[in-house]
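Asker: Coordinates only, no sequence provided:
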């Protein structure tokens, strides 16, 4: 009853905030007593923290043609799991200025613990994204933390989106854009919590008679957007305000920025055109690379492999004019960003009369493309689009383990914008139809009466699993570290007796194969005269990957996949099988689980296969798929029971 009264008081407090100016309640250091009386937010009683308010204001300055952002965020911590939200990283571009940082913790007792200026640090790329980093001190349960700062920037054309939601609940979020008359911005909401929302618009005049317009957006009671299994990025589903300059109207004329997709395409095609022309240098290089080729596809493959393997991939900077270098520099240094390498590939192909075009994409972790609104930040990458019959080929040279004609998995988004002389076209990015396999084969697995197991296994990875594990291997310090950390990661005490790495150094177009001799101590449980052994070693699920009660976002697996494990288990002498799990098969749309298990003399033959044959599922399928995985967990953890017999 007490908690109910507290929640009602807080709800009334927030309603009053919404009906008056919230700034009256967002005074630095002023916290209503009601907040300290609660142990959770009414939006989600399980949340470890919540955003009490998040207030931002951007002012466009005509005299200096820059902008200033004022940002004030207040968070309440409810449990130890929420204390990580006191670790703050403020992102900014290297030529922007972040000043006036203040942060403090307000305890329920009223005590205030302030952040020291000496505890604010800066990190990041010298000529890229940087961060102001600090930890707000003195955090404990039910406390309030808050921080504020000002950011000044010369980048007034494309403003960073304002996100009204985060991965914890937000009780109130407000954003204002103050724009001088004559500056026309395209402002629109994505995932708006309110249908057909209209911002508050007001006007005022500065002392110099400069007229300004204020656009104010505010929302209350916004749920958290969690990062869940098999989703693109949580940002795709957060309520956000997108802001981009359309034009500036002077007394003597109009300066346009980007009006529509044709305008967008024309501007960028002009930037990329020098890379697409067949210069003498590119023609000579392309002729040398393809001198032994017979077919057009042979030439494409040769150029792709040369760019991918011969040029070092440098740090990504972007895809705009100021972020890419000249072809001569790329060739002379034998290095380039992933965008520069792909532009070079396009130039090589055009030099040998194979039509290739730049295709701007948004990678999976960057988010969806809004095809209705031309925005610079809709994209973060560029790939080569080769107009081949019967279907086009898309190539990306930055991933060294990616064989022709595959794309790196992070490129497998929905569509991209192809730039050419004509009208721009959005083209779909095809999802591979083949099933990508991870196969484990153990022809002889010895179970010992101590519960230890030993044997020899052959692992085989193909398709994207091949690429994925080759990447992991390249990052490992040694083959032993790779095997322990990536293959036997849930068995820290595994003993690796020997490894055959012949398959690791093979052609990347071929499946990756690894042979491992291993010993696992106490794999099976020995209780009295009985042994309890789960037959699956590497291919099993200990818990459901889908844990939430409901899901509002699609399930997107990237690509089709199959996990399969086969083992012949040799039983220890003096033991007989008491219980053997039954063969099992069950399916739901796009998912299939098959397990066969049978005894043959002193051995048990075990085979388990999990297949995902469809990549995309709407939220309405979530409960069905969640129950499917719950069944997988149940049957994967069934055990063989052995009993000791008198001899």
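Answerer: Sure, I can see it. The structure displayed is predicted, hence computed values, not measured ones.
Asker: Return the list of strands paired to the helix or strand encompassing residue 123, each annotated with direction.
Answerer: Using DSSP states H and E, residue 123 maps to strand 121-124. Paired strands of strand 121-124, with direction, are strand 129-135 (antiparallel) (DSSP bridges).
Asker: Show residues contacting the strand it pairs with.
Answerer: 86-94, 98, 101, 103, 115, 119-124, 149 (C-beta atoms under 8 Å, 6 or more residues apart in numbering). Bear in mind the C-beta positions are built from the backbone N, C-alpha and C, glycine included.
Asker: Show me what residue 123 bridges to in the sheet.
Answerer: Counting by DSSP bridges, residue 123 is bridged to residue 131.
Asker: about what we covered before: take the contacts of strand 129-135 and keep only those in helices.
Answerer: Among the contacts of strand 129-135, no member falls in helices (criterion: DSSP state H).
Asker: Buried ones in the strand holding residue 123, by neighbour count?
Answerer: residue 124 (16 or more other C-beta atoms under 10 Å).
Asker: Now it: average pLDDT?
Answerer: Mean per-residue pLDDT for strand 121-124: 96.
Asker: Could you do stretch 422-441 as well?
Answerer: In the prediction, stretch 422-441 has an average pLDDT of 91.
Asker: what comes up buried for it?
Answerer: 424, 425, 427, 429, 431, 432, 436, 437, 438, 439, 440, 441.
Asker: between these, which is nearest residue 473?
Answerer: Nearest to residue 473 among the buried residues of stretch 422-441: residue 438, at 14.2 Å, using C-beta to C-beta.
Asker: Residues in a beta bridge with that closest one, which ones?
Answerer: residue 461, residue 563.
Asker: Pull the contacting residues for it.
Answerer: Applying C-beta under 8 Å, 6+ apart, the residues near residue 438 are 459, 460, 461, 465, 539, 561, 562, 563, 564.
Asker: possible to save those as TSV with distance to residue 367, pLDDT and neighbour count?
Answerer: Converted to TSV, the contacts of residue 438 look like this (distance: C-beta to C-beta, whole Å; pLDDT from 0 to 100; neighbours: other C-beta atoms under 10 Å):
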residue	distance to residue 367	pLDDT	neighbour count
459	34	96	22
460	34	96	17
461	29	95	20
465	25	94	21
539	32	93	18
561	23	96	18
562	29	97	18
563	28	97	19
564	33	97	17
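Asker: what's the most distant pair in those residues?
Answerer: 459 and 561, at 15.1 Å, using C-beta to C-beta across the contacts of residue 438.
Asker: Can you tell me the SS state at residue 406?
Answerer: coil (DSSP: H, G, I helix; E, B strand; the rest coil).
Asker: just checking, it touches residue 465?
Answerer: No: assessed by C-beta atoms under 8 Å, residue 406 is found out of contact with residue 465, at 11.9 Å.
Asker: Extract the residue ranges of this structure that are flagged as low pLDDT.
Answerer: Applying pLDDT under 70 to the chain flags residues 1-25, 389, 647.
Asker: centroid residue for it?
Answerer: residue 365 (3.4 Å; C-alpha atoms, centre = their mean).
Asker: list the contacts for it?
Answerer: Taking C-beta under 8 Å, 6+ apart as the test, what residue 365 contacts is 232, 233, 410.
Asker: got CSV for those, with secondary structure too?
Answerer: Output for the contacts of residue 365, formatted as CSV (three-state DSSP):
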residue, secondary structure
232, coil
233, coil
410, helix
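Asker: Would you mind listing the buried residues in stretch 308-323?
Answerer: Within stretch 308-323, judged by 16+ other C-beta under 10 Å, the buried ones are 308, 311, 313, 314, 316, 317, 318, 319.
Asker: no, scratch that, I was asking about stretch 347-355
Answerer: Neighbour-count burial for stretch 347-355 [16+ other C-beta under 10 Å]: 347, 348, 349, 350, 351, 352, 354.
Asker: which among the buried residues of stretch 422-441 gets closest to residue 472?
Answerer: Distances from residue 472 to these, taken by C-beta to C-beta, are shortest for residue 438, at 12.4 Å.
Asker: what's the spacing between the closest one and residue 512?
Answerer: Distance of residue 438 to residue 512, given as C-beta to C-beta, to the nearest Å: 10 Å.
Asker: got it, and residue 122?
Answerer: 41 Å.
Asker: Residue 581 now?
Answerer: 31 Å.
Asker: Comparing the two, which residue is more hemmed in?
Answerer: residue 512 (22 against 18; other C-beta atoms under 10 Å).
Asker: Can you tell me who the more buried one pairs with across the strands?
Answerer: residue 461.
Asker: does it really touch residue 505, like I thought?
Answerer: No: using C-beta under 8 Å, residue 512 makes no contact with residue 505, being 9.9 Å away.
Asker: follow-up on the earlier one: can you tell me which of the contacts of residue 438 comes closest to residue 491?
Answerer: Nearest member of the contacts of residue 438 to residue 491, counting by C-beta to C-beta, is residue 539, at 13.6 Å.
Asker: Pull the contacting residues for that closest one.
Answerer: Contacts of residue 539 by C-beta under 8 Å, 6+ apart are 438, 440, 563, 564, 565, 608, 610.
Asker: quick one: which helix or strand includes it?
Answerer: Going by DSSP H and E, residue 539 is not in any helix or strand.
Asker: Could you check how far it is from residue 609?
Answerer: Relative to residue 609, and taking C-beta to C-beta, residue 539 is found at 8 Å.
Asker: Quick check: neighbours shared by those two?
Answerer: Joint contacts of residue 539 and residue 609 (C-beta under 8 Å, 6+ apart) are 563, 564, 565.
Asker: Same list, those, but as a markdown table with distance to residue 181 please.
Answerer: Converted to a markdown table, the shared contacts of residue 539 and residue 609 look like this (distance: C-beta to C-beta, whole Å):
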| residue | distance to residue 181 |
| --- | --- |
| 563 | 61 |
| 564 | 66 |
| 565 | 68 |
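Asker: from those, which is closest to residue 179?
Answerer: Taking the shared contacts of residue 539 and residue 609 together and measuring to residue 179 by C-beta to C-beta, the closest member is residue 563, at 53.9 Å.
Asker: Residue 593 is in contact with the closest one, correct?
Answerer: No: applying C-beta under 8 Å as the test, residue 563 and residue 593 come out as separate, 10.1 Å apart.
Asker: Need the overlap of contacts for these two.
Answerer: 609, 610.
Asker: now that we have the contacts of residue 365, which one has the most neighbours?
Answerer: residue 232 leads the contacts of residue 365 on contacts (other C-beta under 10 Å) with 22 neighbours.
Asker: Can you verify my assumption that it contacts residue 367?
Answerer: Yes: Residue 232 lies in contact with residue 367 (C-beta under 8 Å); the separation is 6.4 Å.
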